[in-house]
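[1] Turn this into a structure:
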Amino acid sequence: MKLVDDLINDATSSEVTIASLLRRFLVLAYALKNKQLQEWIEAELNGYDPKDEATIPEYRKITAFAKGLFVGPAGASIRDQPISAHILQKEHRHFALTLTLFQPIASYEHGGSADDKAIVEWPPFLVVLYQSKFIQGFNLNRAWQEIPAAAMIGLLDTVRNRVLKFALELREELGEVADKVDAVPAKFIERNVTNIIYGGHNVFGGTQHATTNVIQINIAKGARIELDSALTDLGLSAIDLAHLHTALDEDAAKPEKDGIGTRTKDWLKSAPAKLAAEGAKIGGEVARALITQWLRQYLGLPLS
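    The predicted model follows:
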């Protein structure tokens, strides 16, 4: 089918922008009569609604640390000072840790190098609220989160790769039904929209929203209550948490030079199986990676 072949050619060409690629993909989506596919493409082209977190894909949620400009007496100033999330109230910590890229995909096609970065300013109310909370004798004048160019490049590549994979799978299927796109089985389209475009996540009622909330949690160093709450939301039982507490305490008594302790690692290996037994919200490998991230945050370890 010419439309599919053209889509593949565009997806493999660095000369074609992602926005142009998606507009061609939208034509195909209407030919396939798949509403979910149309909605995804239109959201990428027009931007996502910040009020509807459940619809925003995970690849648009990035780590983005905050920095600030502080001013002091006699014209003194501190520029590009990293801002600790631990000082912020829990509901504001994401302003120093994570960022969701809501804007249309074209907004991120700036063509800069991997060393370039964009910024998102803190809202004025937040600057005023924490104006004198960070450095004694200095006031916060403005603050922002930095978006590395690498994150924007990753966003563009993710979208391009999903379009390419979908088109390749469709062309292979069309080999059996000639160029009649309406002859492609609806279940084939639905399966590939779910697995390729949405990354394997079906949307059933509030399930995706609940999972998104779980994934977006960040744990402060030493905040065991926060860790327990996150693990409970994920689906672990009180007995599972008690075993983790024992492992953490035993590892703390015999700390290793670096990384998660041996006993905690042993507990972590069994966590996906425990979640499966309780009816997990997310898959085993994703759950393991997520819990590992939370444990590293709790222990004050680097995330990578």
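
[2] which non-adjacent residue is nearest Ala222?
    No Ala there; residue 222 is Gly. Using CB to CB, 6 or more residues apart in numbering and skipping residues adjacent in sequence, the residue nearest Gly222 is Tyr298, 6.8 Å away. For glycine as for every other residue, the C-beta is placed from the backbone atoms N, C-alpha and C.

[3] Starting from Ala287, give me the distance back to that neighbour.
    16 Å (CB to CB, to the nearest Å).

[4] could you dump the longest strand seen in the chain to CSV, C-alpha only?
    In terms of residue count, the longest strand belonging to the chain (DSSP state E) is strand 139-148. Taking C-alpha atoms only, strand 139-148 is exported to CSV below (Å, rounded to 0.1, in the frame of the first residue of the first chain):
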residue,chain,number,x,y,z
ASN,A,139,16.1,35.0,48.8
LEU,A,140,15.0,33.0,45.9
ASN,A,141,14.5,35.4,43.0
ARG,A,142,13.5,32.8,40.3
ALA,A,143,13.6,29.1,39.8
TRP,A,144,13.3,26.7,36.8
GLN,A,145,13.6,23.2,35.7
GLU,A,146,16.1,22.3,33.0
ILE,A,147,15.1,20.0,30.0
PRO,A,148,18.2,18.5,28.5
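
[5] tell me the average confidence for that strand?
    For strand 139-148, mean pLDDT is 93.

[6] Return the helix or strand in this protein with minimum mean pLDDT.
    Of all helical and strand segments in the chain, the minimum by mean pLDDT, DSSP states H and E falls on helix 207-215, at a mean of 45.

[7] Low-confidence stretches in the stretch 201-304 of the chain?
    Residues of the stretch 201-304 of the chain that meet the criterion pLDDT under 70 lie in 201-217, 257-258, 274-285, 304.

[8] now the helices for it?
    Using DSSP state H, counting those that start in this stretch, the helices of the stretch 201-304 of the chain run over 207-215, 224-234, 238-253, 262-278, 284-299.

[9] Format the ones you listed as a markdown table; extra columns: distance to Asn34.
    A markdown table is the format used below for those (distance: least, CB to CB, whole Å):
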| stretch | distance to Asn34 |
| --- | --- |
| helix 207-215 | 18 |
| helix 224-234 | 31 |
| helix 238-253 | 40 |
| helix 262-278 | 31 |
| helix 284-299 | 25 |
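
[10] Show me the shaky parts of the stretch 51-200 of the chain.
    In the stretch 51-200 of the chain (pLDDT under 70), the answer is 110-117, 176-179, 200.

[11] Can you show me the helices along it?
    Using DSSP H, counting those that start in this stretch, helices in the stretch 51-200 of the chain cover 124-129, 149-174, 186-192.

[12] Quick check: which of these is buried the most?
    The highest mean neighbour count among the helices of the stretch 51-200 of the chain, using mean count of other CB atoms under 10 Å, belongs to helix 149-174: a mean of 18.

[13] That one packs against which elements?
    Secondary-structure packing of helix 149-174 (3 or more CB pairs under 8 Å, 6 or more residues apart in numbering; DSSP states H and E): helix 2-11, helix 18-32, strand 61-63, strand 117-121, helix 186-192.

[14] Thanks again, I'm all set now.
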